[in-house]
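Peer 1: Below: sequence and its predicted model.
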Amino acid sequence: MPIKIPDHLPATEILQSEHIFVMPEERAFAQDIRPLRILILNLMPRKEVTETQLLRLLGNSPLQVEVTLLRMRSHVAKNTSEEHLTTFYRTFEDVRRDAYDGMIITGAPVEQMAFEEVNYWPELCEILDWTRSSVTSTMHICWAAQAALYRHYGLQKYALGGKVFGVFEHTVNVRCNLTRGFDDVFLVPHSRHTEIRREDVQGIGGLDILAESNEAGVYLLATPDARQIYVTGHPEYDNITLAEEYRRDVEKGLDISVPKHYFPNDDPNQEPANLWRSHANLLFANWLNYCVYQETPYDLSGRIRDEALHL
């Protein structure tokens, strides 16, 4: 089944060239199917790149998915044109009275700042609180995972002596619907200066550590009902994303090491292979099927009423 996206979104041509089944809004309106309503809060600087990465994964599913792109009203994006944002993005004020089957909140290059110092922190807190009553399942990626764990549980992040940067082996701790079909050992890219600690997670309860890495630490966490999912790495990354980040930092004169386990022979002049694509596709397919589709009500308006009674 296709992923429904806005007409003329630039990612369309790229996805179609990769044989990802996308459907323009005009054609989708003619089908008598209720698609899954997925909201993407895109906090990454190069929004068009992140759109393509996430839509590629959402499109690899037998389910029809309708995507709404969201941006922060309280932050001025510097790396994406205002025309693109105005054409394809909405703000929280536009969607706060609606309900969604699923939501993805991306990472952001602000992890070395205190959460309260981020200029859109109050708005993000409002959105994080709203997801608990208006979204069936929310997936938080990288910094968004740290931010949500801090907001919901008071979990602190800790600065690392060196950046966790590269592609690392992970193992599954808990076999459940979200980790269904995962290999015993699988690869995931990471790119971060901070971490959450296993002992802190274990100390609060109500969260399961589903997968982790000896080198990169805790990777995949979820509440028992899978309403809140936290991913500390970047399974959505393309094969060249870490290379672009590395070269960007080198050009800036920053003290940056070559990403671990990434370039062939650790040679930045060689093109890296994508060795985590199958895990990324399975993670997002499991999330859409078992955590969203199997759990969401057909009438989303009823969810808002029911959840409001319990808040």
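Peer 2: Cool, got the structure.

Peer 1: excluding its backbone neighbours, what's nearest residue 170?
Peer 2: Nearest residue to residue 170, sequence neighbours excluded (C-beta to C-beta, 6 or more residues apart in numbering): residue 213, at 4.5 Å. (Glycine included, C-beta is placed from N, CA and C.)

Peer 1: ugh, wrong one, residue 230
Peer 2: residue 145 (3.9 Å).

Peer 1: repeat for residue 259
Peer 2: Closest to residue 259 by C-beta to C-beta, 6+ apart is residue 166, at 4.0 Å.

Peer 1: coming back round to it: let me know the secondary structure of the residue nearest to residue 230.
Peer 2: With DSSP: H, G, I helix; E, B strand; the rest coil as the basis, residue 145 sits in helix.

Peer 1: if I look at it, how far off is residue 155?
Peer 2: Using C-beta to C-beta, to the nearest Å, we find residue 145 at a distance of 10 Å from residue 155.

Peer 1: same thing with residue 134?
Peer 2: 23 Å.

Peer 1: Mind listing what's buried along the strand or helix carrying residue 52?
Peer 2: Assigned by DSSP states H and E, residue 52 belongs to helix 47-58. Within helix 47-58, the residues that count as buried by 16 or more other C-beta atoms under 10 Å are 47, 48, 49, 50, 51, 52, 53, 54, 55, 56, 57, 58.

Peer 1: again, but for stretch 79-96
Peer 2: Buried, per 16+ other C-beta under 10 Å, within stretch 79-96: 80, 84, 85, 88, 89, 92, 95.

Peer 1: so of those residues, which ones are in helices?
Peer 2: 84, 85, 88, 92, 95 (DSSP state H).

Peer 1: Report the contact partners of the first one.
Peer 2: Taking C-beta atoms under 8 Å, 6 or more residues apart in numbering as the contact definition, residue 84 lies against 10, 47, 48.

Peer 1: Check the second one too.
Peer 2: Contact analysis of residue 85 by C-beta under 8 Å, 6+ apart lists 47, 71, 77.

Peer 1: Need the worst-confidence member of those.
Peer 2: Lowest pLDDT of those: residue 77, 76.
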